[in-house]
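> prediction below, plus the sequence it came from.
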Amino acid sequence: MALPRPEPRPAGISLADLDSIPLFMRHLPEDDGSNNIALEALQSLVYEGSPDEQARRFKDQGNEYFRGKRFREASAYYTQGINVNPSDPIIQEALLLNRAACNLELKNFGMVLRDTSAGLMINPQSPKAYFRASAALVSLERYIEALDVCHRCLAFDPQNTSVRQQRDKIIGLKEAHEQKEIERQERLRKDREERRVMAAAFQALNLVVLPLSSNEAPSQWQPHFDPAFSGLRTSVTPILFPVFLGYPQYNQSDLITSFDPSATFSSHLVTMFPPTPGAPPLQGFGARPTAKGPDWDVTGEYTTSNLSIYAITHRRRLLKIGKRMTLRDACDAAAATSTPGERDGLELRDGSLNFTVLPKGEIERAWVDDYKRRRAAEGFQA
């Protein structure tokens, strides 16, 4: 007699819900006993006959649920069939491999491998067991093992079309995976080499690299290789630095995103400030455009001829940087110290170098004096 097809599964049903179904109850519900007789009658119908007959009924019901794509319920029926301990190896194998098919759909790949392994202990020449095991291994990206499983199956069933197609698919996936791994390892190698070259460049410039605290996110502006030099980075590839110019008088700043260590400060300043107060734009063929002063410079003091640049070293020494000095010159000056064995240099904070720019005169002297007072209060010597 054909079993009725299962109704569509209600939304949200879980394996725990199955315990309320008489077929799956491990224990009778604890109530006044009025319904236990009916429940016992229902369960007795399922458990009538020999273990093989019971297991076959569970298998058939599980198959109905599997065809309805209700894989959890189908798996539960197959488990019930396994638990009655049938003696027929054909039924044992079918229940294990059918449950493996459910778990393959449910992506429980470890359980698939356990059930297919148990199935092969019963029937070492089961193509279904080999096929489903290989499918689980593919999903786990264990391609070498998946290929070995296919080869073992084809050794006794060389014309099995499904397994041969699976083998060919796995060969392609394995080759693609290996190629991706080669590319990943090459990226890692290049990244390690670039970090080594970058660290060597920092050391050559005597930079003191300050680590970020655990709650700080890194800035988007970081030292980087000159994009004009493509390919593998080497010790001769120029490294460009983000440089912040701070103007404490107005609480303003500018960011130079790519400062070449061989470039002078004046080469950047002339693109940011006019050369002298009220200087007219240069005219004529080949004339270099004159920068317009910043809007916040209300007094017009910030001109390239009227600016002083300062750097503060790791040991809080104050250095005056000439505008014709290169960034590398500034780094070398910061590293020079009169104390033997004492290391000093500019600080690379969150990937950037920082300099202070002031107009010459009273503003500059007041800022320098204030800095020296603050440094003395912190215990640093002049």
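Looks like it arrived, so ask away.
> gap between residue 57 and residue 78?
12 Å (C-beta to C-beta, to the nearest Å). (Glycine included, C-beta is placed from N, CA and C.)
> tell me which of these two has more neighbours.
When residue 57 and residue 78 are compared on other C-beta atoms under 10 Å, the one with more neighbours turns out to be residue 78, at 29 against 21.
> neighbours of residue 76, just the number please.
Residue 76 - counted by other C-beta under 10 Å - has 23 other residues nearby.
> could you pull up the mean pLDDT of the lengthiest helix in the chain?
Longest helix of the chain, by residue count under DSSP state H: helix 161-204. Average pLDDT, helix 161-204: 94.
> got it, and stretch 213-225?
For stretch 213-225, the mean per-residue pLDDT is 88.
> what residues are up against the residue nearest to residue 294 when sequence neighbours are not counted?
The shortest distance from residue 294 to any non-neighbouring residue, by C-beta to C-beta, 6 or more residues apart in numbering, is to residue 302 (6.5 Å). By C-beta atoms under 8 Å, 6 or more residues apart in numbering, the contact list for residue 302 reads 247, 273, 293-294, 357, 359.
> now tabulate those residues in a markdown table and tack on pLDDT, distance to residue 209 and neighbour count.
Output for these, formatted as a markdown table (pLDDT from 0 to 100; distance: C-beta to C-beta, whole Å; neighbours: other C-beta atoms under 10 Å):
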| residue | pLDDT | distance to residue 209 | neighbour count |
| --- | --- | --- | --- |
| 247 | 97 | 25 | 18 |
| 273 | 93 | 30 | 24 |
| 293 | 83 | 35 | 19 |
| 294 | 91 | 31 | 15 |
| 357 | 98 | 24 | 24 |
| 359 | 96 | 32 | 18 |
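> keep only those of these that are in strands.
247, 357, 359 (DSSP state E).
> which residue ranges of the stretch 201-350 of the chain form strands?
Taking DSSP state E, counting those that start in this stretch as the test, the strands found in the stretch 201-350 of the chain are 208-210, 224-225, 239-247, 252-259, 307-312, 318-321, 347-349.
> out of the ones you listed, which is closest to residue 129?
Ranking those by proximity to residue 129 (C-beta to C-beta) places strand 224-225 first, at 54.2 Å.
> which regions of the protein sit below the pLDDT cut-off?
1-47, 230-235, 278-291, 338-339, 380-382 (pLDDT under 70).
> would you map the helices across it?
Under DSSP H, the chain gives helices at 36-46, 51-67, 71-83, 89-105, 109-122, 127-139, 143-156, 161-204, 265-269, 327-335, 362-377.
> how about the strands of the stretch 201-350 of the chain, which one is nearest residue 62?
strand 224-225 (60.6 Å).
> what's that closest one in contact with?
Outside strand 224-225, the residues that touch it by C-beta under 8 Å, 6+ apart are 194, 233, 237-240, 258.
> ditto for stretch 347-354
202, 207-210, 212, 216, 218-219, 221-223, 241-244, 246, 255, 259, 311-314, 327, 346.
> could you dump the contacts of residue 302 to a markdown table with distance to residue 318?
Shown next, in a markdown table, are the contacts of residue 302 (distance: C-beta to C-beta, whole Å):
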| residue | distance to residue 318 |
| --- | --- |
| 247 | 17 |
| 273 | 22 |
| 293 | 26 |
| 294 | 24 |
| 357 | 14 |
| 359 | 17 |
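> and these, which is closest to residue 321?
The closest of the contacts of residue 302, once distances to residue 321 are taken by C-beta to C-beta, is residue 357, at 9.6 Å.
> pretty sure the closest one contacts residue 306?
No: applying C-beta atoms under 8 Å, one finds residue 357 not in contact with residue 306, separated by 10.6 Å.
> contact partners for the spatially closest residue to residue 301 that is not a sequence neighbour?
Among residues not flanking residue 301 along the chain, residue 359 sits closest, at 3.8 Å (C-beta to C-beta, 6+ apart). By C-beta under 8 Å, 6+ apart, the residues touching residue 359 are 249, 301-302, 306-308.
> farthest pair within the residues you listed?
Within the contacts of residue 359, 249 and 306 form the most distant pair, 12.5 Å apart (C-beta to C-beta).
> count of neighbours near residue 210?
Residue 210: 12 surrounding residues under other C-beta under 10 Å.
> how near is the residue lying closest to it once chain neighbours are set aside to residue 309?
On the basis of C-beta to C-beta, 6+ apart, the spatially nearest residue to residue 210 that is not a chain neighbour turns out to be residue 349, at 4.9 Å. Note on residue 349: its distance to residue 309, by C-beta to C-beta, is 17 Å.
> residue 144 contacts residue 171, correct?
No: contact criterion C-beta under 8 Å: residue 144 and residue 171 do not qualify, at 10.9 Å.
> among the strands of the stretch 201-350 of the chain, which comes closest to residue 126?
By C-beta to C-beta (comparing all of those), the closest turns out to be strand 224-225, at 57.5 Å.
> name every strand pairing with that closest one and say which way it goes.
strand 239-247 (antiparallel) (DSSP bridges).
> by how many degrees do the partner strand and strand 252-259 diverge?
Using axes from the mean of the first three to the mean of the last three C-alpha atoms, to 10 degrees, one finds that strand 239-247 and strand 252-259 are set 170 degrees apart in direction.
> ok, now which ones touch residue 97?
So residue 97 contacts 115-116, 119, 126, 128-129, 132 (C-beta under 8 Å, 6+ apart).
> neighbours of residue 196, how many?
12.
> which residues are in contact with it?
Applying C-beta under 8 Å, 6+ apart to residue 196 gives no contacts.
> now it: how far from residue 203?
From residue 196 across to residue 203, the span is 11 Å (C-beta to C-beta).
> do residue 83 as well
From residue 83 to residue 203 the distance is 68 Å (C-beta to C-beta).
> more crowded one of those two?
residue 83 (14 against 11).
> I'd like the ones in strands among the contacts of residue 302 as CSV, with distance to residue 139 appended.
Shown next, in CSV, are the ones in strands among the contacts of residue 302 (distance: C-beta to C-beta, whole Å):
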residue, distance to residue 139
247, 60
357, 61
359, 68
